[in-house]
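Colleague: model the following, please.
(one chain, ligands or ions: 1)
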Amino acid sequence: MSQSTHVFHRQLAKRPPVAVSGQGIWLRDAEGRSYIDASGGAAVSCLGHGHPDVIAAMHRQIDQLAYAHTSFFTTEVAEQLADLLVGSAPAGMSHVYFVSGGSEAVEAALKMARQYFVEIGQPQRRHFIARRQSYHGNTLGALAVGGNEWRREQFRPLLIDVTHVSPCYEYRGRLPDETPEAYGQRLVAELARTIEELGPDNVMAFVAETVGGATAGVLTPVPGYFKGIRDLCDRHGILLILDEVMCGMGRTGTLHACEQEGVVPDLLTVAKGLGGGYQPIGAVLAQGRIVETMRQGSGLFQHGHTYLGHAVACAAALAVQQVIQRDHLLTQVRDRGAYLASRLRHELGDHPHVGDIRGRGLFWGLELVQDRAIRQWFEPSLKLHARLKSAAMEEGLMIYPMGGTVDGRCGDHVLLAPPFISSEGEVDQIVTRLRRSLDRVVSDIGL
Ligand code: PLP
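Modeller: Just a heads-up that it's a prediction; the model follows:
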């Protein structure tokens, strides 16, 4: 392939390797090099690559019907996928709205919240509250609720006004003499104060990732945190929107991460693992009363994209979810996740530059620090996370690096989200290669 390219790569200066094939948890490039997909791309490829059942289902659907616009038709496959999702959804989530990805799911959820309040006669509710160090996507609404300042900065004049509160970030936020539960309640109290300041009747929704992913290397909630938030939202008639685009669809060991928190949201966004990367697809799961309000009010949700409910995308997602159920892969996520956690702790738990290892299921993050004792980050200019990504690629390992701004400073993080089908031997290889990559980077920068 020629060096010239018409593809507008995100990193403009450097052309990445050309991926040509994939099988199981492995990808291969045009030079014949193999890589373990330890991040599932960006927590997408839950079944790995080349799964025959998913490919066969897509073939069957494309032979029969690829696309029918939803203003004219529904399709059998979209209805089946909706039934499967509703059948396994948290209580009361009776409807599904399909989209083509995570940002679109968040946009749709934000607009559903707004339309719901307009239709029940509370149009003054126009504020969203979200969390710092969160990521909800890159379209304007999703970027506005996201709490990642460096992503937002240049677009700020275009963004709706959103109030951000502290994330649940135990490693950096919990005080030395505070229990996890007390820390969670302190965060709930902060949200309560913010709601009071905005005026409870002016707030539409609180938006949060159930388990944070794409900004600060997996942020797991402390016990009671989301229950406290759910109670607070109920008290003030505020909707709870949980964004499980990354942490959902089995990634943390239950189909929805909120199951482990014992809370049911009003709106729940999913994407990535829904179609496992075989097709672009996302969805918003909605409480029946929200949909019923629109149905009896204006009669339509004032939204829509050309490809929503695309038949081949639905066929791929249906097959992915059926394989997960048939092969009991959620049990495998929990078992293999426990194994990954133990290997990470054994190999990297005492590493002088690994400050924290945290996660659930097959969703793990490492926070990298220059000095463990005082939890000091590396100098942002070192771009440690980017160096580690390059070193890992040379070791034949895909990891998802992050270097988001944390209260104005940078932290370096690594996300691991291997496919649910990973074997113990493959997990061993992931951890060994990661350790080798980290040691190499640390020695290259002379530490
Ligand atoms: N929400 C969360 C929690 C995410 O992690 C992401 C992507 O990483 C998104 C939304 C945006 O999804 P997409 O990149 O598919 O638009």
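
Colleague: tell me the residues of the stretch 1-150 of the chain that contact the ligand?
Modeller: Taking C-beta under 6 Å from any ligand atom as the contact definition, the stretch 1-150 of the chain meets the ligand at 42, 101-103, 106, 135-137. C-betas here are computed from N, CA, C, even on glycine.

Colleague: how many neighbours does whichever residue of the chain sits closest to the ligand have?
Modeller: For the chain and the ligand, the shortest gap (C-beta to the nearest ligand atom) falls at residue 102, measuring 2.1 Å. When counting by other C-beta atoms under 10 Å, one arrives at 29 neighbours for residue 102.

Colleague: before we move on, the earlier item: between which two of the residues of the stretch 1-150 of the chain next to the ligand is the distance greatest?
Modeller: The widest separation within those, taken as C-beta to C-beta, falls between 42 and 106 and amounts to 15.1 Å.

Colleague: which one's more surrounded, the two?
Modeller: A count of neighbours by other C-beta under 10 Å puts residue 106 above the other of residue 42 and residue 106, at 31 against 17.

Colleague: show me what the strand or helix carrying that one is packed against.
Modeller: Take DSSP states H and E as the rule and residue 106 turns out to sit in helix 102-119. Contact analysis of helix 102-119 by 3 or more C-beta pairs under 8 Å, 6 or more residues apart in numbering; DSSP states H and E lists strand 93-99, helix 140-145, strand 203-209, strand 239-243, strand 267-270, strand 282-287, helix 288-296 as its packing neighbours.

Colleague: what's the longest one in contact with?
Modeller: It refers to helix 288-296. Contact partners of helix 288-296, identified using C-beta atoms under 8 Å, 6 or more residues apart in numbering, comprise 92-95, 112, 115-116, 119-120, 239, 266-267, 300-301.

Colleague: so how do I select the buried members of the residues you listed in ChimeraX?
Modeller: Restricted to the buried members of the contacts of helix 288-296, where burial is judged by 16 or more other C-beta atoms under 10 Å, the ChimeraX selection command reads as follows:
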select :93,94,95,112,115,116,119,239,266,267,301
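
Colleague: tell me the one of the contacts of helix 288-296 nearest residue 46?
Modeller: When the contacts of helix 288-296 are compared for distance to residue 46 (C-beta to C-beta), residue 93 comes out closest, at 20.6 Å.

Colleague: contacting residues around the closest one?
Modeller: The neighbours of residue 93, taking C-beta under 8 Å, 6+ apart as the test, are 86, 264, 268, 285-288.

Colleague: if we go to 7 Å?
Modeller: Going by C-beta atoms under 7 Å, 6 or more residues apart in numbering, residue 93 touches 86, 268, 285-287.

Colleague: looking at the residues of the stretch 1-150 of the chain next to the ligand, which is nearest residue 153?
Modeller: Looking across these and measuring by C-beta to C-beta, the closest to residue 153 is residue 135, at 14.6 Å.

Colleague: check what pLDDT the residue of the chain closest to the ligand gets.
Modeller: The predicted local distance difference test score for residue 102 is 98.

Colleague: what of residue 6?
Modeller: On the pLDDT scale, residue 6 is placed at 71.

Colleague: same question, the one 3 residues further on
Modeller: Listed pLDDT for residue 9 reads 67.

Colleague: now do the helices in the stretch 251-400 of the chain.
Modeller: Applying DSSP state H, counting those that start in this stretch to the stretch 251-400 of the chain gives helices spanning 288-296, 311-326, 329-348, 384-394.

Colleague: most tightly packed of these?
Modeller: The densest packing among those, expressed as mean neighbour count by mean count of other C-beta atoms under 10 Å, is seen in helix 311-326 with a mean of 23.

Colleague: which helices and strands does that one pack with?
Modeller: The contact analysis (3 or more C-beta pairs under 7 Å, 6 or more residues apart in numbering; DSSP states H and E) places helix 311-326 against helix 52-64, helix 76-87.

Colleague: and it, how far from the chain's centre?
Modeller: 19 Å (C-alpha atoms, centre = their mean, to the nearest Å).

Colleague: hmm, it touching the ligand?
Modeller: No. If you take C-beta under 6 Å from any ligand atom as the test, helix 311-326 misses the ligand, and the best it gets is 12.7 Å.

Colleague: neighbours of the closest residue to residue 272 other than its chain neighbours, how many?
Modeller: Of all residues not flanking residue 272 in the chain, residue 44 sits nearest, at 4.4 Å (C-beta to C-beta, 6 or more residues apart in numbering). Residue neighbour count, defined by other C-beta under 10 Å, stands at 24 for residue 44.
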